[in-house]
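Trainee: Just need the structure, nothing else, for what follows:
(one chain, ligands or ions: 2)
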Amino acid sequence: ALPERVTIYEVGPRDGLQNESGIVPVDAKVAFIHDLMAAGLPVVEATSFVHPKWVPQLADAGEVVARLPMDGAVPLPVLVPNERGLDRALEAGVRHIAIFASATETFARKNLNSSVEDQFAMFAPVVARALDAGVDVRAYVSMCFGDPWEGPVDPAQVVRVGSRLLDLGATQLSIGDTIGVGTAAHVARLVAEFAAAGVAPDLLAMHFHDTYGQALANALAALRCGITTFDASAGGLGGCPYAESATGNLATEDLVWMLNGLGIEHGVDLPALVRASVTMAQVLGRESPSAVVRALA
Ligand code: HMG
Ligand code: MG
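Mentor: Numbering: from 1, shown residues only. Ligands and ions are numbered 1, 2, ... in the order given. Below you'll find the predicted structure:
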């Protein structure tokens, strides 16, 4: 049976805008986030407190957060890789953070300048200090299906990395198909491997990129496995600057259209969401890659 209700974790302002070649003005970012909240998204990932030279697109994180209701009803998490990032986030009044780990050695090196083993030492004090400060911690695992340099990724390796992040104190694991190579049977296998290791589907979120056009099929496969949290990006923006083959995330509109058809509750107002994506597409100067946005706009 499919779940009756799901949570859509919106990543457009972060995963989407981190990958733009141009830098979107602070005003447009803040307006986009407000539009997404107004469209009923229950959580909107706002930005990243990463090294500004590594991701110049989000170097304005402090300015963006200063103009958002960080204590409001809608959580506005930010990415934080290390203690320096946590200091900046706490100073800005952030209440929800997300750490981001790699399942593979090559991507750990390229994205975090770390190894798979050393990333845990980087995250441990971040999680401990955040929880002490009453700040909630989600953890991403990237390259859970395939890696552009290493090829297919062993589910056992993903479960090992994910379990250690939960052991550190993260309250949710987001399973990233960073380069969008996964397919439906692979999704089911990974969820089953987590369950066999004692990690129930309600601790997992799925984070699909749509590079190979599989994101929506993979989301349906995950729904059938009992997953109830889905990351998605308004208008299908997205990608990772440190994984060149990554394209946009599963478009939030495409996910909402499917959930509507399945009668699964999500709380999002689709026309309002499409308007938010069209406004951002105008700022970016190109059409949204989302099929549903193009159909409805
Ligand atoms: P590093 O160069 O090894 O950093 O980068 P370091 O610890 O050696 O520090 C070097 C200098 O940077 C120091 O300054 C630090 O203070 C400063 P100095 O003493 O030389 O003057 N520094 C910072 N400044 C501001 N904010 C910080 C920060 N950290 C250090 N947070 C680091 C290591 C992790 C910082 C770097 O690799 C980094 O920022 N990586 C982030 C890359 C990124 O954002 N990638 C995209 C997000 S992940 C993603 O998209 C995948 C996801 O969507 C899921 C999926 O799809 O799979 C989540
Ligand atoms: Mg991503």
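Trainee: Could you use CA atoms for every contact and neighbour count after this?
Mentor: OK.
Trainee: Within range of ligand 1, give me the residues from this structure.
Mentor: 15, 49-52, 54-55, 81-82, 84-85, 100, 111-113, 140, 142-143, 176-178, 240 (CA under 6 Å from any ligand atom).
Trainee: Just the buried ones out of the residues you listed, please.
Mentor: Among these, those buried by neighbour count (16 or more other CA atoms under 10 Å) are 15, 49-51, 55, 81-82, 85, 100, 111-112, 140, 142-143, 176-178, 240.
Trainee: Let's see which of those residues end up in helices.
Mentor: The helices, defined by DSSP state H, take in Gly85, Asn111, Leu112 from those.
Trainee: I'd guessed the second one sits against Thr178; true?
Mentor: No: taking CA atoms under 8 Å as the contact criterion, Asn111 and Thr178 are not neighbours in contact, 11.8 Å apart.
Trainee: Which parts of this structure are helices?
Mentor: Under DSSP H, the chain gives helices at 26-38, 61-66, 83-91, 105-112, 116-132, 155-168, 184-196, 215-224, 252-262, 270-284, 291-296.
Trainee: Pick the most deeply packed of those.
Mentor: helix 215-224 (a mean of 21; mean count of other CA atoms under 10 Å).
Trainee: elements contacting it?
Mentor: For helix 215-224, the elements it packs on are helix 184-196, strand 204-208, helix 252-262, judged by 3 or more CA pairs under 8 Å, 6 or more residues apart in numbering; DSSP states H and E.
Trainee: can you list the ones you listed in TSV and add mean pLDDT?
Mentor: Converted to TSV, the helices and strands packed on helix 215-224 look like this (pLDDT from 0 to 100):
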stretch	mean pLDDT
helix 184-196	98
strand 204-208	98
helix 252-262	98
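Trainee: can you redo those as JSON lines with distance to Ala128?
Mentor: What follows is the helices and strands packed on helix 215-224, written out as JSON lines (distance: least, CA to CA, whole Å):
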{"stretch": "helix 184-196", "distance to Ala128": "24"}
{"stretch": "strand 204-208", "distance to Ala128": "21"}
{"stretch": "helix 252-262", "distance to Ala128": "32"}
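Trainee: tell me the contacts of the nearest residue to Val30 once chain neighbours are set aside?
Mentor: Spatial nearest neighbour of Val30, chain neighbours left out: Val64 (6.2 Å); criterion: CA to CA, 6 or more residues apart in numbering. Each residue near Val64 by CA atoms under 8 Å, 6 or more residues apart in numbering is listed here: Val26, Lys29, Val30, Thr47.
Trainee: which stretches of the stretch 51-200 of the chain aren't confidently modelled?
Mentor: Counting by pLDDT under 70, the stretch 51-200 of the chain has no low-confidence residues at all.
Trainee: isn't Asp71 right up against Ala92?
Mentor: No: using CA under 8 Å, Asp71 makes no contact with Ala92, being 11.4 Å away.
Trainee: Lovely, talk soon.
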